[in-house]
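Structure for the following, please:
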Amino acid sequence: MCKDYVYDKDIEQIAKEEQGEALKLQASTSTEVSHQQCSVPGLGEKYPTWETTKPELELLGHNPRRRRIASSFTIGLRGLINLGNTCFMNCIVQALTHTPILRDFFLSDRHRCEMPSPELCLVCEMSSLFRELYSGNPSPHVPYKLLHLVWIHARHLAGYRQQDAHEFLIAALDVLHRHCKGDDVGKAANNPNHCNCIIDQIFTGGLQSDVTCQACHGVSTTIDPCWDISLDLPGSCTSFWPMSPGRDSSVNGESHIPGITTLTDCLRRFTRPEHLGSSAKIKCGSCQSYQESTKQLTMNKLPVVACFHFKRFEHSAKQRRKITTYISFPLELDMTPFMASSKESRMNGQLQLPTNSGNNENKYSLFAVVNHQGTLESGHYTSFIRHHKDQWFKCDDAVITKASIKDVLDSEGYLLFYHKQVLEHESEKVKEMNTQAY
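Numbers count the residues shown, from 1 in each chain. Predicted coordinates for the structure are as follows:
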């Protein structure tokens with residue numbers, strides 16, 4: 001009657017008893033680990049923050065690449081049981097657990113839980129999930145506790161109805177961000193709103209909005225944090241894509257529009273100036289009058305992991321439908337043309353850097369793709385993940401199979417995950433290469 005969601009208490013009790021027996025065994029066989037450290041399984045040892053020294057930074061500069069491992073290495077490839085229309089959760093979990101820098105954080109036990117009830121901490125559960133998936137156990141894992149915590153902290157996702165994978169991703173990042181309070185060692189004392197938790201370090205970018213007055217050309221700039229970029233598709237009723245002469249937009253979203261076929265095309269449209277029109281006049285801060293204006297979005301700060309969301313599900317007053325237009329996407333992506341600094345360079349008459357230049361700081365590599373098969377009312381989510389360089393696998397709930405690069409690039413694409421090829425250490429901006437061989 002209260003519409004609360006519960007899970008099997010008997011199974012949870014059995015799990016706790018088994019955990020207790022394992023802790024007793026560990027305490028009896030180890031003289032180096034204290035009982036206090038073992039009180040929280042797997043989260044005992046807390047490592048201090050790594051403050052790099054100058055010699056260490058020099059070593060990073062001379063040895064930028066990660067240690068290579070054998071291509072036959074399969075640890076980390078583990079299926080997830082579908083608990084009843086939970087494919088939307090499983091595909092996002094696979095993408096997150098194969099995010100290199102996030103994996104390194106959790107597998108090194110860097111999380112420090114400060115919640116009064118650690119059993120309700122989603123970050124603690126994600127840490128446990130990472131250990132399970134990288135334990136070497138080949139049998140599919142049952143993520144029942146993760147599902148239960150999602151129901152508690154994101155109640156709009158509770159229940160066994162079909163849910164949206166993108167909506168789950170944003171909800172999960174939001175809860176993880178809020179539960180990472182104890183990990184935010186970099187919070188500035190003079191800026192309490194600044195967050196340096198692992199979620200913000202990896203996923204948060206800065207989206208810059210420039211509104212230009214058409215009368216005095218004064219510019220008002222705002223920068224908002226973002227975890228993803230949602231892109232309109234050809235065939236959308238709300239995207240206002242230009243139609244070719246004599247061609248109508250198809251109802252099922254399969255219309256082909258010449259010149260708009262790639263992820264780069266969508267990003268160009270996303271960052272082009274938009275005339276707001278006479279019905280959307282705003283008060284200019286420079287000339288203090290209401291004038292027509294143009295608005296342009298660019299990236300002020302790039303995240304370590306860039307997530308692109310194709311708006312394939314359209315909900316309007318007239319209809320609900322899925323847009324199946326194929327948009328190609330590359331294995332490597334250069335975000336330089338979409339940066340605010342590139343826009344300023346073009347305005348100042350400077351030449352734009354060619355995309356094949358040696359400057360790699362804005363270049364990304366694809367490492368995960370989430371796909372949706374079926375219709376808006378009845379569908380199924382799967383994902384492709386990169387396990388090693390050029391080693392791709394398809395994750396379909398409990399089943400994981402080898403996939404080719406062609407399989408990945410030919411897929412429809414709903415969510416695309418790209419990882420920066422070059423990372424910078426904040427202290428001295430020493431670039432550390434993050435290769436694809438992991």
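
in the sheet, who's paired with the closest residue in space to Val408 that isn't next to it in sequence?
Residue nearest to Val408 in three dimensions, not counting chain neighbours: Phe384, with 4.7 Å by CB to CB, 6 or more residues apart in numbering. Placement of C-beta: from N, CA and C, glycine included. Beta-bridge partners recorded for Phe384 (DSSP bridges): Val369, Lys394.

Tell me how many other residues crowd Phe384.
By the criterion of other CB atoms under 10 Å, Phe384 has 26 neighbours.

wait, it sits on Leu409?
No - using CB atoms under 8 Å, Phe384 is not in contact with Leu409, being 9.5 Å away.

what sits against the residue nearest to Val408?
368-369, 371, 392-395, 403, 407-408, 411 (CB atoms under 8 Å, 6 or more residues apart in numbering).

Could you give the number of residues near Trp318?
Check again: residue 318 is Lys, not Trp. Lys318: 7 neighbours (other CB under 10 Å).

Which helix or strand contains it?
Assigned by DSSP states H and E, Lys318 belongs to no helix or strand.

and the contacts of Phe384, which are buried?
Burial by neighbour count, 16 or more other CB atoms under 10 Å: within these this picks out 368-369, 371, 392-395, 403, 408, 411.

Could I get the residues you listed in TSV, plus columns for pLDDT and distance to Leu149?
Shown next, in TSV, are those (pLDDT from 0 to 100; distance: CB to CB, whole Å):
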residue	pLDDT	distance to Leu149
Ala368	97	22
Val369	98	26
Asn371	98	26
Trp392	96	30
Phe393	97	26
Lys394	97	27
Cys395	97	21
Ala403	96	30
Val408	97	31
Ser411	96	30
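
from those, which is closest to His177?
Ala368 (19.7 Å; CB to CB).

ok, Ile229 to Thr271 distance?
10 Å (CB to CB, to the nearest Å).

In the stretch 301-438 of the chain, where is pLDDT below threshold?
317, 343-359, 424-438 (pLDDT under 70).

what do you get if the cut-off is 90, keeping everything else the same?
The model of the stretch 301-438 of the chain has pLDDT under 90 over residues 314-321, 340-361, 375-378, 387-390, 422-438.

could you pull out the helices for it?
340-347, 405-410 (DSSP state H, counting those that start in this stretch).

For the stretch 101-250 of the chain, which segments count as helices?
122-133, 144-153, 165-179, 198-203.

So Leu60 belongs to a helix, correct?
Yes - per DSSP: H, G, I helix; E, B strand; the rest coil, Leu60 lies within a helix segment.

can you pull the pLDDT of Cys284?
Cys284 carries a pLDDT score of 78 in this model.

any idea how far it lies from Gln214?
Distance from Cys284 to Gln214, by CB to CB: 9 Å.

one step back: now the helices of the stretch 101-250 of the chain in a markdown table, please, with extra columns for distance to Asp224.
What follows is the helices of the stretch 101-250 of the chain, written out as a markdown table (distance: least, CB to CB, whole Å):
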| stretch | distance to Asp224 |
| --- | --- |
| helix 122-133 | 24 |
| helix 144-153 | 23 |
| helix 165-179 | 14 |
| helix 198-203 | 13 |
